[in-house]
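Novice: predicted structure and sequence below. I'll ask about it afterward.
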Amino acid sequence: MSSNLESDTISLDTSFEATIQIQGRTYQQLAVERGTSYGPVDEYERDRQEAQHEIFKLVFDGRLIFPPVHNPRKILDCGSGSASWATEVAVIGIDITPHTMPDDPPPNLILQVDDLNEPFTFQTNEFDFVHSRNVVTGINKGRWPSYVKDCARVLKPGGWLQMVEIYHNVQSDNGTMTDEHAVRETSTKFLSSVENSKDLRAPLALESFMRGAGMVDVAGRMIPLPLNGWSINPKEREIGEKLNDSYKSAMSGHMLIPFTEKLHMTHDQFNDLMQRASEEIDNLSLKPYVGLYVCIGRKAN
Ligand SMILES: C[S@@+](CC[C@H](N)C(=O)[O-])C[C@H]1O[C@@H](n2cnc3c(N)ncnc32)[C@H](O)[C@@H]1O
């Protein structure tokens, strides 16, 4: 990663640009071949990330930055994707794929293509605030402690780190989901399909990663995200109704390669499982939800 972003513009290594098509979805060839990320990089995924950003704003009552950060001058967004969050706060954004980046970013937003699994080369004490959201499927298993340490290292003393991750293990709010349910099967298979390379349980350990990185004032919480409109709470119902399509799209888009290439499912078997799991995610009486893990921590002065 370059540390002279403002002054240096390096033309994009063409290996980052190549894509492959699978079942009508577009994936970044390099990320798939390296096993970095199995998420699609097409227009559909960019739209999904933008829609999900609006849902997160609803969840967090419009707040983009949770800790008490005053007039941050330099902000880093790790895994910026469609840059929906980054565009609103004006930052430096890093992502492995150029494909979902906005075509016309605002001038105060610098987007760079790089792999967060590599050690950061930004200078120590460079940023006032570092943000990392929904990168769990792209951070390598053993990388999490050093990833969080890298985020802490590049923060100025007193600067804050904010991490937000979904634990992709669909639960039922009334305990009616069993191992026979397709949606439970997708969650279990997703965890096992990438268990050698990714730690999908990392969202549960954000607080311990931050403490391990020497951060102070660490505070975490879990927010249940309903996956359809089952909740009687109006705000939760709206979140569930809006998240329903987005979650089903993320599920099929991100599970396609792990399930067909690692678990050797045929495309017909995969499509059948996704169809059954989607119907269950639509089922109000199943009360499906996933846990959203939010954690903040401050670099000691
Ligand atoms: C689900 S999207 C989330 C985008 C954005 N953070 C948000 O919350 O709207 C995950 C993004 O992280 C990127 N990503 C995953 N693994 C990465 C890695 N190792 N290095 C850089 N970017 C990565 C993906 O390319 C994708 O754009």
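Specialist: Thanks, I have it.
Novice: by contact count, what packs against the longest strand along the chain?
Specialist: In terms of residue count, the longest strand belonging to the chain (DSSP state E) is strand 155-172. For strand 155-172, the elements it packs on are strand 127-133, helix 144-154, helix 182-193, helix 206-212, strand 288-298, judged by 3 or more CB pairs under 8 Å, 6 or more residues apart in numbering; DSSP states H and E. (Glycine included, C-beta is placed from N, CA and C.)
Novice: which parts of the stretch 201-301 of the chain are helices?
Specialist: If DSSP state H, counting those that start in this stretch is used as the criterion, the helices of the stretch 201-301 of the chain fall at 206-212, 234-257, 267-281.
Novice: please identify which of these is closest to the ligand.
Specialist: Distances from the ligand to each of the helices of the stretch 201-301 of the chain were compared using CB to the nearest ligand atom; the shortest belongs to helix 234-257, at 7.1 Å.
Novice: okay, buried residues for whichever strand or helix holds residue 87 please.
Specialist: Per DSSP states H and E: residue 87 is located in helix 84-89. With burial defined by 16 or more other CB atoms under 10 Å, the residues of helix 84-89 counted as buried are 84, 85, 86, 87, 89.
Novice: I'd like the distance between the third one and residue 40.
Specialist: Put plainly, it is residue 86. 20 Å (CB to CB, to the nearest Å).
Novice: repeat for the first one
Specialist: Computed as CB to CB, the residue 84 to residue 40 distance reads 16 Å.
Novice: tell me where the chain is predicted with low confidence.
Specialist: Within the chain, the set of residues satisfying pLDDT under 70 comprises 1-11.
Novice: show me what residue of it gets nearest to the ligand.
Specialist: Closest contact between the chain and the ligand, by CB to the nearest ligand atom, is at residue 138 (1.8 Å).
Novice: before we move on, back to that, check the offset of whatever helix or strand comes next after the helix holding residue 87 from the chain's centre.
Specialist: For helix 84-89, the following helix or strand on the C-terminal side (DSSP H and E) is strand 92-95. What separates the centre of strand 92-95 from the centre of its chain is 13 Å, taken as CA atoms, centre = their mean, to the nearest Å.
Novice: fine by me, we can end here.
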